[in-house]
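Participant: build the 3D model from these lines:
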Amino acid sequence: MDSLFLQNIQRQVAEWRANGYKGVQKETENILAHIRRVAFLHEPQIEALETYIFLKEVIGNKPSVEVFKQSFQNELEFIRALGISDKEAFELAYDKKKDEKIQAILDEKFGTSDYANQVYALTMGSGKTILMAVMMLYDFVLSYYHKNDECFAKNALVFAPDTTIIESLKEIKTFDYSRVLPKMYEDILLNIKYHYLESTDTALAPNGNYNVIVSNSQKIILKTRNGKSNNGTARLFGDKNELGKREVENMRLQAIRQLGSLQIFVDEAHHSYGKTLEGDLKKTRQTIDYLHKYTPLVSVVNLTGTPYVNNKMISDVVYHFGLKQGIEKGILKKVNILDYGVVRSQKFIEEVVDVFVSEYGTKRLEGRLPKIAFYASNINDLRTGLKPKLERVLAERGISP
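Facilitator: Numbers count the residues shown, from 1 in each chain. So this is what the prediction gives:
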């Protein structure tokens with residue numbers, strides 16, 4: 001179920017849309033009119049973009065907690081939206097330490113960061129990568145015409161969860177921009193420089209503004225350095241290869257720190273939420289906060305298809321388009337159920353891959369490559385069961401993993 005905060009924001013966006021996008025720059029009006037006229041984007045992509053623009057230009061690009069505080073007309077609505085029970089809300093309304101306790105709840109829900117941090121939740125297949133690209137282009141165009149407005153980004157960093165996602169994110173660079181931007185802004189796009197950090201050896205040397213950096217988060221993430229080898233003994237000089245990798249990582253972080261007006265996009269962002277997360281996933285959020293200390297961020301845009309942690313919707317969600325909606329609106333195909341007794345067998349994987357290849361192969365649908373997804377019940381099942389079986393099936397059919 002959508003949060004009261006999310007419902008409230010979408011109500012405001014709907015009213016703003018109905019009133020003709022009042023309060024935005026003329027370039028924004030031109031872009032939105034062009035998008036509606038060309039009709040390349042799906043409706044949820046347009047609605048998410050409208051939400052993004054509304055929060056940036058009308059609300060003022062504020063942290064989610066500030067948007068939350070000003071989103072409700074009376075105190076009762078505000079307290080109910082905190083996500084506490086009616087009994088707790090009633091008791092809180094008359095508590096002498098009400099303000100202090102409310103702030104503690106808000107800190108727990110939204111954190112204490114002083115930059116705009118928003119989650120856009122669109123189900124798989126609804127076009128998150130294209131949406132990300134359109135958001136970047138919009139910011140670059142607006143920052144070109146309004147150079148001193150700190151709401152608009154002049155550089156973008158995209159955190160991908162792994163190297164396979166980096167490949168799909170190349171669509172940011174290759175899709176036809178004329179479908180979302182008027183011709184009058186095409187020259188601005190000539191300034192964009194793309195940096196895809198696909199390996200640990202790829203150097204990063206961004207130049208000026210309008211850089212788009214796409215990286216597996218582990219390649220520029222903050223690392224814990226304990227100065228010890230795998231067997232626990234201290235190293236005098238360290239492993240040469242490891243030191244070389246760390247030098248590249250340090251240089252990348254240093255290069256990114258030099259960029260001004262930086263916006264960060266986090267793909268598959270549900271991985272970086274939750275207080276119990278450990279390792280690289282949790283460090284994605286730490287790296288973002290680290291960069292913010294050196295180059296104040298314009299904002300952080302998180303995209304995900306699953307906006308839940310521990311079965312609760314992430315507090316920063318400002319737009320949500322779910323799987324059921326995608327099927328109902330015809331953006332996703334209706335599900336055709338095939339009954340299998342044992343889905344962990346190699347035969348099941350073989351048949352699924354063969355059907356997918358025979359029906360789709362390398363065909364593009366609406367200009368996009370079809371995707372296939374397998375799900376495992378847990379990480380161990382994925383690593384020891386599904387992954388090796390799938391790799392074997394692909395190898396037998398001459399398909400690159």
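
Participant: A strand includes residue 101, no?
Facilitator: No - assigned with DSSP: H, G, I helix; E, B strand; the rest coil, residue 101 falls outside any strand and is helix.

Participant: surely it meets residue 95?
Facilitator: Yes - assessed by CB atoms under 8 Å, residue 101 is found in contact with residue 95 at 6.3 Å. Placement of C-beta: from N, CA and C, glycine included.

Participant: which one of these two is surrounded by more residues?
Facilitator: A count of neighbours by other CB atoms under 10 Å puts residue 101 above the other of residue 101 and residue 95, at 16 against 13.

Participant: and the more buried one, what does it touch?
Facilitator: 92, 95 (CB atoms under 8 Å, 6 or more residues apart in numbering).

Participant: burial count for the closest residue to residue 75 other than its chain neighbours?
Facilitator: Spatial nearest neighbour of residue 75, chain neighbours left out: residue 93 (7.1 Å); criterion: CB to CB, 6 or more residues apart in numbering. Using other CB under 10 Å, the number of residues around residue 93 comes to 11.

Participant: kindly report the same for residue 144.
Facilitator: 17.

Participant: over to the one 4 residues further on?
Facilitator: Per other CB under 10 Å, the neighbour tally for residue 148 reads 6.

Participant: again with residue 127
Facilitator: 22.

Participant: pretty sure it contacts residue 45?
Facilitator: Yes - counting by CB under 8 Å, residue 127 touches residue 45, with 5.1 Å between them.

Participant: what segments of the stretch 251-400 of the chain are strands?
Facilitator: In the stretch 251-400 of the chain, the segments counted as strands under DSSP state E, counting those that start in this stretch are 262-267, 299-304, 308-309, 312-313, 317-321.

Participant: check the stretch 101-250 of the chain too.
Facilitator: Going by DSSP E, counting those that start in this stretch, the stretch 101-250 of the chain shows strands at 116-122, 155-160, 193-197, 211-216.

Participant: reformat these as CSV; add distance to residue 53 and mean neighbour count.
Facilitator: Output for the strands of the stretch 101-250 of the chain, formatted as CSV (distance: least, CB to CB, whole Å; neighbours: other CB atoms under 10 Å):
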stretch, distance to residue 53, mean neighbour count
strand 116-122, 12, 25
strand 155-160, 16, 26
strand 193-197, 24, 18
strand 211-216, 19, 23
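
Participant: among those strands, which is nearest residue 139?
Facilitator: strand 155-160 (7.5 Å; CB to CB).

Participant: outside of that closest one, which residues touch it?
Facilitator: Against strand 155-160 from outside (CB under 8 Å, 6+ apart): 132, 136, 139, 166, 169, 172, 206, 209-217, 256, 259-268, 272, 284, 288, 291.

Participant: put the buried members of these into a PyMOL selection.
Facilitator: Entered in PyMOL, the line below selects the buried ones among the contacts of strand 155-160, by 16 or more other CB atoms under 10 Å:
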select buried, resi 132+136+139+166+169+172+206+209+210+211+212+213+214+215+216+217+256+259+261+262+263+264+265+266+267+268+272+284+288+291
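
Participant: touching the helix or strand hosting residue 33 from outside, list them.
Facilitator: Following DSSP states H and E, one finds residue 33 within helix 26-38. For helix 26-38, the surrounding residues in contact (CB under 8 Å, 6+ apart) are 21, 24, 41, 46, 49-50, 53, 57, 134, 138, 141-142, 145, 179-182, 184-185.

Participant: test my guess that residue 350 contacts residue 393.
Facilitator: Yes - assessed by CB under 8 Å, residue 350 is found in contact with residue 393 at 5.3 Å.

Participant: phi and psi next, for the residue nearest to residue 75.
Facilitator: Dihedral angles phi and psi of residue 93 (degrees, to the nearest 10) take the values phi -60, psi -30.

Participant: so who does it touch?
Facilitator: If you count contacts by CB under 8 Å, 6+ apart, then residue 93 has 75-76, 79 around it.

Participant: so how far is residue 104 from it?
Facilitator: 16 Å (CB to CB, to the nearest Å).

Participant: same deal with residue 132?
Facilitator: With CB to CB as the criterion, residue 132 and residue 104 are 34 Å apart.

Participant: just residue 74 next, same as before
Facilitator: 21 Å.

Participant: of those two, which one has the most company?
Facilitator: residue 104 (11 against 8).

Participant: per-residue confidence at that one?
Facilitator: As predicted, residue 104 sits at a pLDDT of 90.

Participant: show me the shaky parts of this protein.
Facilitator: 1, 162-165, 200, 217-249, 270-283, 366 (pLDDT under 70).

Participant: surely residue 80 meets residue 3?
Facilitator: No - using CB under 8 Å, residue 80 and residue 3 do not qualify as a contacting pair, with a distance of 10.8 Å.

Participant: give me the more crowded residue out of those two.
Facilitator: The neighbour count for residue 80 versus residue 3, taken as other CB under 10 Å, is higher for residue 3 (21 against 15).

Participant: could you measure from the closest residue to the more buried one other than its chain neighbours over to residue 151?
Facilitator: Spatial nearest neighbour of residue 3, excluding adjacent residues (CB to CB, 6+ apart): residue 313 at 5.2 Å. With the distance defined as CB to CB, residue 313 ends up 26 Å from residue 151.

Participant: could you measure from the residue nearest to residue 75 over to residue 80?
Facilitator: On the measure of CB to CB, residue 93 and residue 80 end up 10 Å apart.

Participant: which residues does residue 398 contact?
Facilitator: Applying CB under 8 Å, 6+ apart, no residues contact residue 398.

Participant: give me phi/psi at it?
Facilitator: phi 70, psi 30.

Participant: distance across stretch 156-169, terminal residue to terminal residue?
Facilitator: The first residue of stretch 156-169 is 13 Å away from its last residue (CA to CA, to the nearest Å).

Participant: same deal with stretch 385-401?
Facilitator: 16 Å.

Participant: quick revisit: what do residue 350 and residue 393 both touch?
Facilitator: Contacts common to residue 350 and residue 393, judged by CB under 8 Å, 6+ apart, are absent.

Participant: that's all I had, so thanks and see you.
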